[in-house]
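Q: Quick one: sequence plus predicted model below, questions after.
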Amino acid sequence: MGLLAYFLIFLALFIVLAVYFVNAFILMDVLEKKGYESHKYRLKAFIPIYGNKVIKKLDILSKEVNESHINYLYKPYYIYRKALVVVLIEFLVFLLLIPLSVIFYLSFINNKILTMLISLLIIVVYLVYQGSVAEYGRKKGYEGVKYDLMALVPVAGFFYFKAKKPLKETSRESLKKVISLKNILMRFFINAELTIMVVIVVLPVLYIFGMAFSNVRTDIPNTLWPKNPNFQAFIFLTKETNFWTWYRNTLGIAVINMIIGTIIITGASYVFARYSFKGKKAGLLAILVLQAFPSFMGLIAMYVLFWKFGLLGKPLALSILYIGGSIPGNLWLIKGFLSQIPKDLDESAMIDGASKVKIFTYIILPLAVPILTFVAVSMFMGPWMDYMLPSYLLDHMVDAGDATDRWTLAVGIYKFINDANHLNYSAFAAASLIVGIPIAVLYMIFQKYLIEGIMAGATKG
């Protein structure tokens, strides 16, 4: 059969199922109106023709419902509305089932996929077991790391908690609920989703690590981990490229961007948040409008300005553009946070004789640490991720020197996968790992402040 025939079969099946479920759901609404809510009658709603006849003959038990209420459920408007909901749900279910069906089909013809599915299933079942046993123990009053670790022991963990006497009052029903089918199924689906998300996140990271230690240049590895891991890609970066020069250029831009940019934006945000002056509203609106225009719209103007001022090929000069481009969004972000700090604090400090500088330094700044940390880290990350501006303004022979000495990491690393003369996938992966180190370290150190800054900076403007 051709593709059209399969499509027509799929469409016919889709329509038949839609009609079937619309009819069943309407019959269930009829039962609810008539006062029949037991499972015995609800199951009859899913039997075509017979269910319609039986349910139609049932008497109306509710005194508040009459025949007109039942007839309303069969009106075209109500049927179309119910059909729309059913079609939408059915479409979403098909979207989920089709890829799952493809995966299961491939698992039967590919042992690796079958092995992976079985491994995932075992992990999910184990997580469900551990979670259920740990909750069973907590219901009895056994909480803590020691008991959570005990719950990891297969089978024996459950009997361990079952033999323990409860440390607090708990009913048999609550204990049975922990190991009920509904609770286990809920845990299964939650753990399955989390496991799949972890696999989606971890697999690319493992693949990058494997590629970094595989020493391949023109071919992309088809295995997760190389048979003979080595450090040739890292040696290549150090000895045969200007990688550490690119690293120094990018780090210099990022540090200047973070320090100077944060200071300028914080000062401006404080003025807009704490003072009233003529043109304040117009200034804020103008900054907001500037944020709407993407930076690449001004590439030609940036190039001409850099050319006229002799800044082409000078990496640190890019900080001017990064700082200027980050002002609109970050100014509104910090201003929104500072506006939440009560002005009563300023007034109390002024009564005690504090100057504006002291108020800003000793009161506002300590309270604004979360949002300032978020902005500083964001501005530090900008140059590491940007390719467009550096490639446009730095890749120029402005003197007799080597243009590659002026590149940033994004420009240099991109050559490893884009330039046919410099293809080196392992070097690209190795460089990516090294580039990710400072960003990962910053996120781990300032994680608490970053989360607070994200939540607090967007609540009020």
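A: Good, I have the coordinates.
Q: C-alpha only now, for contacts and for neighbours.
A: Fine.
Q: can you pull out the helices in the stretch 51-200 of the chain?
A: With DSSP state H, counting those that start in this stretch as the criterion, the stretch 51-200 of the chain has helices at 67-72, 76-109, 111-139, 145-150, 156-163, 172-178, 181-212.
Q: whoops, the stretch 351-461 of the chain was the one
A: Using DSSP H, counting those that start in this stretch, the helices of the stretch 351-461 of the chain run over residues 356-359, 365-367, 369-385, 388-393, 409-418, 425-445, 447-457.
Q: which of the residues in the shortest one are buried?
A: It refers to helix 365-367. residue 365 (16 or more other C-alpha atoms under 10 Å).
Q: cool, and the fifth one?
A: Within helix 409-418, the residues that count as buried by 16+ other C-alpha under 10 Å are 409, 410, 411, 412, 413, 416, 417.
Q: Check which helices and strands it sits against.
A: In this structure, helix 409-418 packs against helix 243-274, helix 369-385, helix 388-393, helix 425-445, with contacts taken as 3 or more C-alpha pairs under 8 Å, 6 or more residues apart in numbering; DSSP states H and E.
Q: deepest of the ones you listed, which one?
A: Here the criterion is mean neighbour count by mean count of other C-alpha atoms under 10 Å, and of the helices and strands packed on helix 409-418 the winner is helix 369-385, at a mean of 22.
Q: who wins for proximity to residue 126 among the helices and strands packed on helix 409-418?
A: If you check each of those against residue 126 by C-alpha to C-alpha, helix 425-445 wins as the nearest, at 29.3 Å.
Q: residues in contact with that closest one?
A: 208-209, 211-220, 233-234, 236-237, 377, 381, 384, 409, 413-414, 416-417, 450 (C-alpha atoms under 8 Å, 6 or more residues apart in numbering).
Q: Quick one: work out the angle between that helix and helix 409-418.
A: Computed by axes from the mean of the first three to the mean of the last three C-alpha atoms, to 10 degrees, the angle separating helix 425-445 from helix 409-418 equals 150 degrees.
Q: Helix 425-445: how far from the chain's middle?
A: 19 Å (C-alpha atoms, centre = their mean, to the nearest Å).
Q: Can you pull out the low-pLDDT segments for the stretch 101-250 of the chain?
A: Under the criterion pLDDT under 70, the flagged ranges of the stretch 101-250 of the chain are 103-104, 106-110.
Q: at 80 instead, please
A: Applying pLDDT under 80 to the stretch 101-250 of the chain flags the ranges 101-117, 170, 218-224.
Q: same deal with the stretch 251-400 of the chain?
A: Of all residues in the stretch 251-400 of the chain, those with pLDDT under 80 make up the ranges 290-297, 385, 395-400.
Q: hmm, back to that, okay if I get the helices of the stretch 351-461 of the chain as a markdown table plus distance to residue 79?
A: Below are the helices of the stretch 351-461 of the chain laid out as a markdown table (distance: least, C-alpha to C-alpha, whole Å):
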| stretch | distance to residue 79 |
| --- | --- |
| helix 356-359 | 66 |
| helix 365-367 | 57 |
| helix 369-385 | 52 |
| helix 388-393 | 54 |
| helix 409-418 | 56 |
| helix 425-445 | 53 |
| helix 447-457 | 43 |
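Q: wait, which of those is closest to residue 62?
A: Distance to residue 62, taken as C-alpha to C-alpha, is lowest for helix 447-457 among the helices of the stretch 351-461 of the chain, at 50.3 Å.
Q: Need the helices and strands packed on helix 409-418 in CSV (columns: distance to residue 171).
A: Conversion of the helices and strands packed on helix 409-418 to CSV gives the following (distance: least, C-alpha to C-alpha, whole Å):
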stretch, distance to residue 171
helix 243-274, 56
helix 369-385, 45
helix 388-393, 64
helix 425-445, 43
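Q: Of all those helices, which one is nearest residue 13?
A: Comparison of the helices and strands packed on helix 409-418 against residue 13 by C-alpha to C-alpha identifies helix 425-445 as nearest, at 46.6 Å.
Q: and the direction of the closest one versus that of helix 369-385, what angle?
A: Per the same axes, to 10 degrees, the angle that helix 425-445 makes with helix 369-385 is 170 degrees.
Q: Over helix 425-445, what's the mean pLDDT, rounded is fine.
A: Confidence over helix 425-445 (mean pLDDT, whole number) is 87.
Q: Return it as CSV; C-alpha atoms alone will do.
A: Extracted as CSV, the C-alpha positions of helix 425-445 are listed here (Å, rounded to 0.1, in the frame of the first residue of the first chain):
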residue,chain,number,x,y,z
TYR,A,425,35.2,17.3,15.9
SER,A,426,37.2,16.0,19.0
ALA,A,427,38.8,19.4,19.4
PHE,A,428,35.4,21.1,19.2
ALA,A,429,34.1,18.8,21.9
ALA,A,430,37.2,19.2,24.1
ALA,A,431,37.0,23.0,23.7
SER,A,432,33.3,22.9,24.6
LEU,A,433,34.1,21.1,27.9
ILE,A,434,36.8,23.7,28.8
VAL,A,435,34.5,26.6,27.9
GLY,A,436,31.7,25.2,30.1
ILE,A,437,33.9,25.1,33.2
PRO,A,438,33.7,28.7,34.3
ILE,A,439,30.0,28.9,33.5
ALA,A,440,29.3,25.8,35.5
VAL,A,441,31.4,27.0,38.4
LEU,A,442,29.6,30.3,38.5
TYR,A,443,26.2,28.6,38.5
MET,A,444,27.1,26.3,41.3
ILE,A,445,28.5,29.1,43.5
